[in-house]
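1. this one's structure only:
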């Protein structure tokens, strides 16, 4: 497994990989967990070559956020990649990715200001920009993103479509711990008690799905079912909504497809989760893996 | 010469061209004049294949601007391209380039709000976005832009560098009429009298260059020399500045390199022009062609 730091060297290696056939990129910020490994395994199944990028993207963090403290267990991440049979890890230097005088940003309007974007106003601009740059440097045929960050997945799909990028964006179902907690690098910020509280997010989503299966179609009632589970001491709910899975707009009434999305702060952690509550959506996503 | 309208067909043709060697793109809005032909000839000299795009980009026009009335003499443009030996003209449908639900924009911050951006707040966002899309669809090795739209050239260079685009952006000197007027598709909006007034722009730039050659280094004095030529009845000067050719910041004192830039309204037309007033800049640009 090759580990590449320089962008020029990455471009050269990408050219060699493209010459050999279809290859996939799994963009990550490191601190890899089973959710990332599911992305890597899917890429390996579908592509001749697999590149994992590990880059804690400074421009997707707000000034008061956890950029400095975000976990960076590089050696462990590399050994996981090695074990999964990754061909190449791209781990660029932040100063090379965003040099002095950097000033260009991609913005997916209308999708970036809502939900998580309401409390993190420059977050998705940072995500869209770094993903666009990674696509241009690594030039993969396919790129794999977790459904756990559902808004991010929708935005990256739109970015690729709108900008005519020659990349197929693949969404991979959320991986959960046995107790239902969606895996996240930020779960390690939780104390044992907070982790217990955090289970409410998943319970809220399941409650909405249950209500839907029992025939409830009014979004307000579905959201109330969610809130009943999550509005508890120690949890600050940021949003709990039922949205269209394709464009994230808030539904009033569920007709065909619907996704429940939730964000909350627990202790030092800001956690998000989401779940398809209707039978199927049009994104090719089905049931979740555990 | 092939004329392609569909983006999918263009991507296929681009792949064939790339397989044959280096090819160049000349992005235009049509209404071709000798300035465009200079870009085409330069591309033909430097590249094995040459693509001209003709697309009046809706998103670079403000609501009160001349999008509807912008000249579109397609047959004439095609015959000029044919005569110049262009290999392929890409003339996409606006509804395919910007379909229903389009929402992604590229923004080069700090360079897009100044000079022309002050009166055209969404103009360079529209330019950067369409250029990025054209690069992704056509995938040229080199792309040719006129120095006449100097701010646009600086912004496109920065876009390509910041987003790691595999395109070399080439700036080509402004072509002028015998009397000095910089060629522009919008010159046809001018009456005979207005065209006479419009010569003041070029005269202002020459006055600044002359003052520089006579030893003047204070930007304020150089700008005063410009204004003396252009502040005349029937001309509304929008800006007349001396800037750094690399990042367009307004200079106080010229040390090494400087460009004079000017914009004015005359009748229905908004005209821009610019000129290198120092001996040489670091952009590889030299003297202007007439």
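-> Sure thing, it's come through. Since this is a predicted model, take the numbers as computed values, not measurements.
2. Can you give me the distance of the residue nearest to residue A:186 when sequence neighbours are not counted to residue A:50?
-> Excluding the flanking residues, the one nearest residue A:186 by CB to CB, 6 or more residues apart in numbering or on different chains is residue A:269, at 5.1 Å. To be clear about C-beta, it is placed using only N, CA and C from the backbone, and glycine gets the same treatment. Taking CB to CB, to the nearest Å as the measure, residue A:269 falls 30 Å from residue A:50.
3. Those two: which has the busier surroundings?
-> residue A:50 (29 against 18; other CB atoms under 10 Å in any protein chain shown).
4. The more buried one contacts residue A:27, correct?
-> No: counting by CB atoms under 8 Å, residue A:50 sits too far from residue A:27 to count as a contact (12.0 Å).
5. Those residues of the stretch 1-150 of chain A touching chain B, which are they?
-> Within reach of chain B by CB under 8 Å from any CB of the partner chain, the stretch 1-150 of chain A has these residues: A:7, A:11, A:101-111, A:128, A:132-133, A:136-137.
6. mind listing which of those are in helices?
-> A:7, A:11, A:128, A:132, A:133, A:136, A:137 (DSSP state H).
7. which of those residues sit farthest apart?
-> Across these, the longest distance by CB to CB is 20.9 Å; it joins A:11 and A:128.
8. neighbour count winner among the two?
-> The neighbour comparison of residue A:11 against residue A:128 (other CB under 10 Å) goes to residue A:128, with 27 against 16.
9. The residue nearest to that one when sequence neighbours are not counted: how many residues sit nearby?
-> Once flanking residues are discounted, residue A:128 sits nearest to residue A:106: 4.2 Å by CB to CB, 6+ apart. For residue A:106, the count of nearby residues is 27 (other CB under 10 Å).
10. shouldn't residue A:106 be in contact with residue B:105?
-> Yes: between residue A:106 and residue B:105 a contact is recorded at 7.4 Å, counting by CB under 8 Å.
11. Any idea what the residue nearest to residue A:128 is bridged to?
-> residue B:106 (DSSP bridges).
12. From residue B:238, how far off is it?
-> Taking CB to CB, one finds residue A:106 at 29 Å from residue B:238.
13. Nearest residue to the residue in the stretch 1-150 of chain A that chain B sits nearest to in space, please, no chain neighbours.
-> Distance from chain B to each residue of the stretch 1-150 of chain A (CB to the nearest CB) is smallest for residue A:104, at 3.6 Å. Once flanking residues are discounted, residue A:104 sits nearest to residue B:162: 3.6 Å by CB to CB, 6+ apart.
14. Which pLDDT value does the model give the one you found?
-> Residue B:162 is assigned a predicted lDDT (pLDDT) of 98.
15. what do you get for residue A:67?
-> 97.
16. Is it in contact with residue A:59, as I believe?
-> No: shown here, residue A:67 and residue A:59 do not form a contact pair, counting by CB under 8 Å, at 9.5 Å.
17. which stretches of chain A have low pLDDT?
-> Scanning chain A for pLDDT under 70 picks out A:281-290.
18. Distance check, residue A:52 against residue A:88.
-> Note on residue A:52: its distance to residue A:88, by CB to CB, is 8 Å.
19. Please say which of those two ends up with more neighbours.
-> For residue A:52 versus residue A:88, neighbours defined as other CB under 10 Å are more numerous around residue A:52 (29 against 22).
20. Name all residues that make contact with the more buried one.
-> By CB atoms under 8 Å, 6 or more residues apart in numbering or on different chains, the residues touching residue A:52 are A:25, A:26, A:28, A:36, A:40, A:81, A:86, A:88, A:89, A:90.
21. Only the buried subset of the residues you listed, as a PyMOL command please.
-> Remark: buried members of these, expressed as a PyMOL selection using 16 or more other CB atoms under 10 Å in any protein chain shown:
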select buried, chain A and resi 25+26+28+36+40+81+86+88+89+90
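22. give me every residue that touches residue A:200.
-> By CB under 8 Å, 6+ apart, residue A:200 lies in contact with A:229, A:230, A:232, A:235, A:264.
23. between these, which is nearest chain B?
-> Nearest to chain B among the contacts of residue A:200, with distances taken as CB to the nearest CB, is residue A:264, at 27.6 Å.
24. In a strand, that closest one, correct?
-> Yes: counting by DSSP: H, G, I helix; E, B strand; the rest coil, residue A:264 is located in a strand.
25. That one pairs with what?
-> Going by DSSP bridges, residue A:264 forms beta bridges with residue A:237, residue A:271.
26. Tell me, how many residues neighbour it?
-> With other CB under 10 Å as criterion, residue A:264 counts 24.
27. so it makes contact with residue A:231?
-> No: here residue A:264 does not reach residue A:231: they are 9.3 Å apart, not a contact under CB under 8 Å.
28. just to revisit the earlier point, out of residue A:67 and residue A:59, which sits in the busier spot?
-> residue A:59 (18 against 14).
29. For the contacts of residue A:52, give me TSV that also has secondary structure.
-> Output for the contacts of residue A:52, formatted as TSV (three-state DSSP):
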residue	secondary structure
A:25	strand
A:26	strand
A:28	strand
A:36	helix
A:40	helix
A:81	helix
A:86	coil
A:88	strand
A:89	strand
A:90	strand
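30. Quickly check the contacts of residue A:52 for the two that are furthest apart.
-> A:36 and A:88 (15.5 Å).
31. Spatially central residue in chain A, please.
-> residue A:149 (3.0 Å; CA atoms, centre = their mean).
32. which non-adjacent residue is nearest that one?
-> Closest to residue A:149 by CB to CB, 6+ apart is residue A:272, at 7.1 Å.
33. Next, the contact list for the closest residue to chain B within the stretch 151-290 of chain A, please.
-> Closest to chain B within the stretch 151-290 of chain A is residue A:162: 3.6 Å, counting by CB to the nearest CB. Residue A:162 is in contact with A:108, B:102, B:103, B:104, B:133, counting by CB under 8 Å, 6+ apart.
34. TSV please, covering those and showing neighbour count and distance to residue A:32.
-> Formatted as TSV, those follow (neighbours: other CB atoms under 10 Å in any protein chain shown; distance: CB to CB, whole Å):
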residue	neighbour count	distance to residue A:32
A:108	23	26
B:102	16	35
B:103	17	32
B:104	23	29
B:133	23	34
